Each structure stands twice: as structure tokens, then as C-alpha cells.
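Q: With the input below, show me the fold.
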Amino acid sequence: MTFNKKTATIFLAAGGFLAVQAPAFAGGLERGGYNIDLLFDPSSVAAEAATTYVAPQRELKNVVDDPALVAAPPGARPGGNLNGLPNTADDSESYWTTRLGIKGGVENADCMFDYSQPWGAHLKPGRNWAGANQNIETKVNSRNYALTCSYRFDAGPGQLRLIGGAFYQEVYGFKERLVQDLTGIPPILTGGRNGIGRLDLEGDGWGWRAGVAYEIPEYALRASLVYNSEVKLDDITGTLNLSQVPLPLPNGGILPVFGSQAMPDSLELKVQSGIAPDWLAFGSVKWTDWSQLQRVTFGCSVPGAPTLCGPGIVATSLDLGYRDGWTVSGGIGHKFNEQWSGAVSLTWDRGTSQGYGTQTDTWTLGTGVSYAPTKNVEFRLAGVLGLLTSGSSGTVTIDGATVGNDVHYDFDNDLVAAISSSVKVKF
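A: Numbers count the residues shown, from 1 in each chain. From the prediction side, this is the model:
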């Protein structure tokens, strides 16, 4: 079975549309992830702008503060006894991601520059819940600037494409939690402090990608395998702000901190092929090395605080305890006429949490439409409805340290919804 040239071109360019149709709520810190589908557009020049809005609805229940320390005296209980606060909380915040790209091609060579936001997180259960000494608000953002090129040549009935590129990445964010509950203590004794500590961090690094793709336009067939390297954030810097905690600390309780961590590498296989006139099947499998994010520790070096800052001392940490992520997706696309196309997909994402945190398996159903009023402009709109599966979070051991014993909670099956839109201009 073969396609006419116009249909084959539309379907081989469909990778970008099919990617837009399934905005993800994936495991780890993934948001937009990496996307190089614009590189395959057959036009000499193509530019694309896409934005995605994701609204997860993760609700925590049966929250118990410090379950292993209930009988301990007040002075021995970090954060105080918060079991008088609500035992439910809304743990999730909606978010936007943006991707911009421009691609140019000459004969058999193509290059693409793009800006994206691959990683992120935003949890905000707030101060008024029984787990406030684990988290009040955590927010992570990222910026990624990439240059990716490919060279293609004839091989058998189709063309083989070699892919390579590099990217520069910035990751930054903060976390706030209740260090000590000062409820009921006269302000004259606390100095008007609220007992909340804040950790601010930022880091940057470089990565690279390499891959291969094979295309047979007559069958609208493409198979690609792309590896994205880890990004080593060797010099993460920031501050641990304990100025709102009534402790005798130097620098007014504002302590410079430092650490290191690598953002994960990934490997993704994508396949698409025509299966009947004007019909296309597609699928993908992606592995992400989230297991390297376990317990991210930070030290500090401040004179006058030997028990908190010094060689080998962990001043604070971000406890994640992730396992590797797997994402499997498949779907069908259909070209209705010269202007309209549509697709539907089903995606499974394996949860990265292992008894600590809320990242369980996710199932999402995505649909999307593409409208091309002229041969040079294309608009896309897609939506997703998904299921976040149930689970619980409690005490676990990460890198030899006990974490999660500050609060236990459960969560039921919850929903996630998302919508994406994009516009592509090509010549």
C-alpha cells in the first residue's frame, strides 16, 4: 500500500501534531520533556510555537503527622504536633509549559533550534494541613536551549537519517516547610517569626543527544531512536533561609548552601506508519533514568554553626526516592480532507514513587485536531483526560537515611486534564 505524495508528506510531518495531542503528566520531574519532531518537517523552513496547560487534581487524605513520634514530648518533635490541623490537602497545582522552535533545511541536511521547559514540579498543600512540616510549597522550573541537526541519505527503499545535537539547561526552584510550629507561643518570645524554613536553589549544565531515523515516504513510515544524555548540575547553589525559626544561627539564619545532581538521561523509540489510505498508526516507548534522583543533599560552610554546617554534614536535603520511568503510547491518526486531520491516543506512564510521594501509574486518553487553512500555516488543538492511580506515602529508607516518617497519608484515584495548542508556519 502506498500514498500519494501530498498525503505521505502530511503524515510524515504528523509527528509534531501527534506529540502535541498528548500533553503529559509524567513521573519524576517531567513536564514538556524533549521533543525534536519539528526536525522532520519536510519544508525548507518551519517555525512552531506550542503551549500546554495541565490541571492535576491530586487530593491527600488520612494525613497523620509524625506517626512514629506521637508519644514524644513536644520539645523532641520536629515541627510540633500538627494533628490538630486538617487531615486532607490538595497537593497539586496547575501549570503551563511552552515550546518554541525553528528549523531550516538544505538538500539532505536539517537543523533545528528550540526552547523548551522539560522539567518542573509544583506542589502546594499549604500551611494549614497536618503534613506542613514535610511540605508547604515546592516549585521547580527549567529552561532548555537546544540545537539539533540531522543528515539523511538513501538506504534501501527509504532514507536513513543521522541525528545529533547539544543543549544547555537551567534548573531552579524552592521548597518551604514548617521547621517548628510556634502556634500558641507569645509573639514576644518568637520575635514575630512563623517557624517556616525556605530552600532556594539553582544550577545549570550541558547535555547532548544522538539518534537515528529511517523513513519511507511512500508508506508514510518513520522509525526513530533518540538518546538524550544526562545534564550534570555540578554546582547547585542557593540559600537555606531559617530566619523565621527562633534558633541561634549566624547570618541571621540565612545560610549559603551547595550541592550537585544530574538530571536524567532518556531513550525514546517512536514509530509511525500508514495502515490504509488516509490512516496512520503511531506509537512510542520511552525510558527515563529517574532512579538517579534519590536523596539530593546540600551542605553549607558558615563559621559559627559547626553542628549545621561543615565538612560531611548534610544541612538539608530534597528527598525523592524515584525509580526509572517508562512511558508507552499508541494511537491512530486520520486525514479527513486537505485541511483537517485528527488523532486519538492512549498512554501509560509508570509511577516513579516507591512508597514515598504521590507519583503512581498514570493512564491518559488524548485527542487532537489539526487545521491547515493554507499550505503554509497549520493550527493544532489537543486535549487529554487521565487517571492518577491511588496509593499511600510513608516511611522509607533512601540512601541509608530514613525519610517520610514526618507524615503519613493516602490518596485515591484522581483525575488530570490538559489542553495544548500550537501554530506552525512553513515555507
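Q: Would you map the strands across the stretch 1-150 of the chain?
A: 45-56, 59-65, 89-90, 95-106, 109-116, 121-123, 137-155 (DSSP state E, counting those that start in this stretch).
Q: out of those strands, which comes closest to residue 276?
A: Taking CB to CB as the measure, the strands of the stretch 1-150 of the chain were each checked against residue 276, and strand 137-155 came out nearest at 25.9 Å. Every C-beta, even on glycine, is put in place using the N, C-alpha and C of the backbone.
Q: and that closest one with strand 109-116, angle?
A: Orientation check (axes from the mean of the first three to the mean of the last three CA atoms, to 10 degrees): strand 137-155 against strand 109-116 gives 170 degrees.
Q: export the strands of the stretch 1-150 of the chain to a markdown table and tack on mean neighbour count?
A: Conversion of the strands of the stretch 1-150 of the chain to a markdown table gives the following (neighbours: other CB atoms under 10 Å):
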| stretch | mean neighbour count |
| --- | --- |
| strand 45-56 | 19 |
| strand 59-65 | 19 |
| strand 89-90 | 20 |
| strand 95-106 | 18 |
| strand 109-116 | 19 |
| strand 121-123 | 19 |
| strand 137-155 | 17 |
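Q: remind me which residues of the stretch 1-150 of the chain are low pLDDT?
A: When the per-residue scores of the stretch 1-150 of the chain are filtered using pLDDT under 70, the ranges that remain are 1-25, 67-79.
Q: Quick check on the residue in the chain sticking out farthest from the centre: phi, psi?
A: For the chain, the C-alpha farthest from the mean C-alpha position belongs to residue 188; by CA atoms, centre = their mean, that distance is 43.6 Å. With angles defined as degrees, to the nearest 10, residue 188 sits at phi -60, psi -20.
Q: now the helices: where do they sit in the chain?
A: According to DSSP state H, the chain carries its helices in the segments 5-12, 15-20, 187-190.
Q: that older thread, is it possible to get TSV of the strands of the stretch 1-150 of the chain that adds distance to residue 236?
A: TSV is the format used below for those (distance: least, CB to CB, whole Å):
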stretch	distance to residue 236
strand 45-56	26
strand 59-65	28
strand 89-90	28
strand 95-106	22
strand 109-116	21
strand 121-123	16
strand 137-155	12
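Q: Mind checking those strands for the one nearest to residue 80?
A: strand 59-65 (8.4 Å).
Q: Can you tell me which helices and strands the closest one packs against?
A: Using 3 or more CB pairs under 8 Å, 6 or more residues apart in numbering; DSSP states H and E, the elements in contact with strand 59-65 are strand 89-90, strand 407-411.
Q: which residues touch residue 284?
A: Under the criterion of CB atoms under 8 Å, 6 or more residues apart in numbering, the contact list for residue 284 reads 268-271, 327-330.
Q: ok, now with 6 Å
A: With contact taken as CB atoms under 6 Å, 6 or more residues apart in numbering, residue 284 is in contact with 270, 329.
Q: Residue 172 contacts residue 202, doesn't it?
A: Yes - judged on CB atoms under 6 Å, residue 172 makes contact with residue 202 at a distance of 3.9 Å.
Q: Against residue 109, how distant is the residue farthest from the centre of the chain?
A: 72 Å (CB to CB, to the nearest Å).
Q: which parts of stretch 231-240 are buried?
A: Buried residues in stretch 231-240, defined by neighbour count with 16 or more other CB atoms under 10 Å: 231-233, 236, 238-240.
Q: let me redo that: stretch 26-42
A: Buried residues in stretch 26-42, counting neighbours by 16+ other CB under 10 Å, are found at 26-41.
Q: thinking again about what came up before, highest mean neighbour count out of the helices and strands packed on strand 59-65?
A: Most buried of the helices and strands packed on strand 59-65 by mean neighbour count (mean count of other CB atoms under 10 Å) is strand 407-411; its value is a mean of 21.
Q: what's next to it, contact-wise?
A: 60-65, 67, 131, 134, 358, 392-394.
Q: what's the closest of the residues you listed to residue 47?
A: Taking CB to CB as the measure, residue 47 sits nearest to residue 358 out of the contacts of strand 407-411, at 37.5 Å.
Q: what's that closest one sitting at in phi/psi?
A: Its backbone dihedrals place residue 358 at phi -120, psi 10, with angles given as degrees, to the nearest 10.
Q: What separation is there between it and residue 317?
A: 19 Å.
Q: Counting neighbours around each, name which of the two comes out higher.
A: For residue 358 against residue 317, the residue with the higher neighbour count under other CB atoms under 10 Å is residue 358, and the figures read 22 against 17.
Q: Look up the pLDDT of that one for me, please.
A: Here the pLDDT value assigned to residue 358 is 96.
Q: Could you pull up the contacting residues of it?
A: Contacts for residue 358 were tallied using CB under 6 Å, 6+ apart; they are 58, 411.
Q: Now do it against residue 289, distance only.
A: 21 Å.
Q: Could you give the bridge partners of the residue nearest to residue 83 when sequence neighbours are not counted?
A: In space, and not counting its chain neighbours, residue 83 is closest to residue 65: 4.9 Å by CB to CB, 6 or more residues apart in numbering. In this structure, residue 65 has beta-bridge partners residue 407, where bridges are defined by DSSP bridges.
Q: will you turn the helices and strands packed on strand 59-65 into TSV that also has distance to residue 259?
A: Formatted as TSV, the entries for the helices and strands packed on strand 59-65 read as follows, by distance: least, CB to CB, whole Å:
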stretch	distance to residue 259
strand 89-90	28
strand 407-411	24
